[in-house]
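Return atomic coordinates for the entry below.
(one chain, ligands or ions: 1)
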Amino acid sequence: MTPTQHIYWHTTVQMPDDSNLTPLPEKVDVAIIGGGYTGLSAARTLARHGVKAALLEANTIGWGASSRNGGMVLTGLKVGMKTVLKKNGRDLARRLFQCSLDSIDTVEQIVKEENIDCGFARYGHLLATNKPKHFDALKDEVEFMQKEFNHKVHLISRDVQHGEIGSNIYYGALLDELSGGLNPAQYVEGLAGAAERAGATLHARARVRRVERGEKRFVVETERGRLSAESVLVATSGYTGNVTTNLQKKIIPIGSFIIATERLPDDLVKELIPRGRMIFDYKHYLHYFRLWDKRLIFGGRAAFFPETSNTIKRSAEILRREMIQVYPQLKDTKIDYVWGGTLDFTFDMMAHVGEVDGIYYSLGYAGHGVAMATYLGKTVAEAMLKGNIKEHPFASFAFPDAPLGLYNGFPWFLPFAGAWHRILDWIE
Ligand SMILES: Cc1cc2nc3c(=O)[nH]c(=O)nc-3n(C[C@H](O)[C@H](O)[C@H](O)COP(=O)(O)OP(=O)(O)OC[C@H]3O[C@@H](n4cnc5c(N)ncnc54)[C@H](O)[C@@H]3O)c2cc1C
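Residues are numbered from 1 along each chain as shown. Below is the predicted model of the structure:
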């Protein structure tokens, strides 16, 4: 039976809707574009400091990746720390890694302080290896992370991995116990409530069409009218459009898709992921999976182009087939839901914050943004208050454009990149 094309997480919480639209204020201190974790976390922080902040969202609050993701709250960055260290030097690499740890603490603290019922817990994550040579490569990762970052990770060898994952296809894994998991839609809904309680105003159906810089202030034109703002923060992630063309040209929107199985019997739940870890594998075309309410939530980059009814439908078939390769036990399991969302890759796969022409931004999480978007939203807001965004660790390296300038925001090269990643997975 074909699964329903619907975001499963949305069935677990009453998401903010557009039944009661808040009128736009005429004048604010900060206008935030985008109503996901980045925008909401920034709005909460600014409002708590007495700043008049209005958040403008094109759809409904939490509509983007923030209510569609896998809910993995992960340590580290999208790029491996060995690469980060090599490229940025030891000091900056250490500061960046520390941000990743602080980002999880930030989520934990917000959930606690704001009483957000989203099942946050430190489940730990597993990086599962697809080939013996991947596992060999991880062997010195334990020592490297301890030596360079004073961070403990553990190797789980293939012969004992059944204590962690009920699959035979992997060649061992790396365990990081500091990572967590949550229900992303419950979290974003809770974060929206927290931002509003702090005093920020949230405006759904307020797509920003133009931002114009006046002598002292910005005029922000939305589909529901205009407002004047002293500063602007762009928090549009994979949905960044031509309102900020200079940023759009630095972001590659890539689709990621998820299926949710029917609720599984207790013994099967225990067998699939005995300790409830967040799991992803070693491939470029990676899989990520976890449990929630006895369902297996199984995601991957089944299509490279962002979500449409077609890419979602195709992804359902591909992901089901691939899930059964990981877990043959699920060959007769029904898939209840399938959905997709858009990731924001940058050309160096790093997140970037900063300011161009007086407009602040925080973008480029590349599928590693549940904790990081929350954290960067908060810390960029703090930097806006202090006027020291240039000192932010994520502002201290260049935000690259496409090689040779061959990109205007339409990712024509995705089919080639997809094919290239498949080749890399085959040879690496
Ligand atoms: C399928 C999927 C699985 C993922 N899994 C994980 C995971 O397990 N762990 C992890 O760490 N990360 C994961 N991510 C990444 C994570 O979800 C994102 O990094 C994070 O949600 C980004 O938050 P954000 O607020 O920056 O952007 P978003 O939540 O995407 O919000 C951006 C918003 O901007 C709005 N917008 C765009 N243009 C305009 C405009 N002109 N005017 C007004 N509003 C506008 C959009 O409507 C959108 O709602 C996943 C992402 C996807 C898609």
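
What are the contacting residues of stretch 10-21?
Residues from elsewhere that reach stretch 10-21 (Cβ atoms under 8 Å, 6 or more residues apart in numbering): 60-62, 67, 183, 185-186, 189, 192, 202-205, 224, 293, 337. Every residue, glycine included, has its C-beta placed from N, CA and C.

Go again with 10 Å.
4, 7, 9, 35, 57, 59-63, 67-68, 117-119, 183-190, 192-193, 196, 202-206, 224, 260, 292-293, 336-337, 339 (Cβ atoms under 10 Å, 6 or more residues apart in numbering).

Pull out the buried residues from those residues.
Neighbour-count burial (16 or more other Cβ atoms under 10 Å) is assigned, among the contacts of stretch 10-21, to 7, 9, 35, 57, 60-63, 67-68, 118-119, 183-190, 192-193, 196, 202-204, 206, 224, 260, 292, 336-337, 339.

Inside strands: which ones of the residues you listed?
Taking DSSP state E as the definition of strands, the buried ones among the contacts of stretch 10-21 contribute Leu202, His203, Ala260, Trp292, Asp336, Tyr337, Trp339.

Pull the most distant pair out of these.
His203 and Asp336 (33.0 Å; Cβ to Cβ).

So which of the contacts of stretch 10-21 would count as near the ligand as well?
When Cβ under 6 Å from any ligand atom is applied, the members of the contacts of stretch 10-21 adjacent to the ligand are Gly35, Glu57, Asn59, Trp63, Arg68.

ok, and for stretch 42-49, which residues are buried?
By neighbour count on 16+ other Cβ under 10 Å, the buried set for stretch 42-49 is Ala42, Ala43, Arg44, Thr45, Leu46, Ala47, Arg48.

Is it correct that the fifth one is in contact with Lys52?
Read that as Leu46. Yes - the pair Leu46 and Lys52 passes the contact test of Cβ atoms under 10 Å, sitting 8.2 Å apart.

any common contacting residues for these two?
Val28, Asp29, Val30, Gly199, Ala200.

Reformat the ones next to the ligand among the contacts of stretch 10-21 as JSON lines; add pLDDT and distance to Met145.
Below are those laid out as JSON lines (pLDDT from 0 to 100; distance: Cβ to Cβ, whole Å):
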{"residue": "Gly35", "pLDDT": "98", "distance to Met145": "35"}
{"residue": "Glu57", "pLDDT": "98", "distance to Met145": "38"}
{"residue": "Asn59", "pLDDT": "98", "distance to Met145": "39"}
{"residue": "Trp63", "pLDDT": "98", "distance to Met145": "36"}
{"residue": "Arg68", "pLDDT": "98", "distance to Met145": "30"}
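
want to try CSV for the shared contacts of Leu46 and Lys52, with secondary structure and neighbour count as columns?
Formatted as CSV, the shared contacts of Leu46 and Lys52 follow (DSSP: H, G, I helix; E, B strand; the rest coil; neighbours: other Cβ atoms under 10 Å):
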residue, secondary structure, neighbour count
Val28, strand, 26
Asp29, strand, 18
Val30, strand, 24
Gly199, coil, 16
Ala200, coil, 26
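
which of these lies closest to Lys78?
Nearest to Lys78, judged by Cβ to Cβ, of the shared contacts of Leu46 and Lys52 is Val30 at 27.5 Å.

and the residue of the stretch 151-300 of the chain nearest the ligand?
Proximity of the stretch 151-300 of the chain to the ligand (Cβ to the nearest ligand atom) peaks at Ser237, 3.1 Å away.

Now that residue. Nearest residue, chain neighbours left out?
Among residues not flanking Ser237 along the chain, Asp344 sits closest, at 4.5 Å (Cβ to Cβ, 6 or more residues apart in numbering).

hang on, the one you found in a helix?
No - Asp344 is assigned strand when assessed by DSSP: H, G, I helix; E, B strand; the rest coil, not a helix.

Contact partners for it?
Asp344 makes contact with 64-65, 236-240, 247, 250-254, 351, 363-367, 369, 373 under the criterion Cβ under 10 Å, 6+ apart.

cool, and Ala195?
32, 35, 39-48, 53, 55, 61, 114, 201-202, 377.

switch the cut-off to 8 Å
Leu40, Ser41, Ala43, Arg44, Ala47, Leu55, Leu202.

quick one, strands of the stretch 251-400 of the chain?
Secondary structure of the stretch 251-400 of the chain by DSSP state E, counting those that start in this stretch: the strands cover 252-261, 278-281, 287-292, 295-300, 335-345, 352-356, 359-363.

Next, format the ones you listed as a markdown table and append mean pLDDT.
Output for the strands of the stretch 251-400 of the chain, formatted as a markdown table (pLDDT from 0 to 100):
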| stretch | mean pLDDT |
| --- | --- |
| strand 252-261 | 94 |
| strand 278-281 | 97 |
| strand 287-292 | 98 |
| strand 295-300 | 97 |
| strand 335-345 | 95 |
| strand 352-356 | 95 |
| strand 359-363 | 97 |
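
Tell me which of those lies nearest to Leu96.
In terms of Cβ to Cβ, the element of those nearest to Leu96 is strand 352-356, at 11.7 Å.

now for the closest one, which elements pack on it?
Applying 3 or more Cβ pairs under 8 Å, 6 or more residues apart in numbering; DSSP states H and E, one finds that strand 352-356 makes contact with strand 359-363, helix 370-386.
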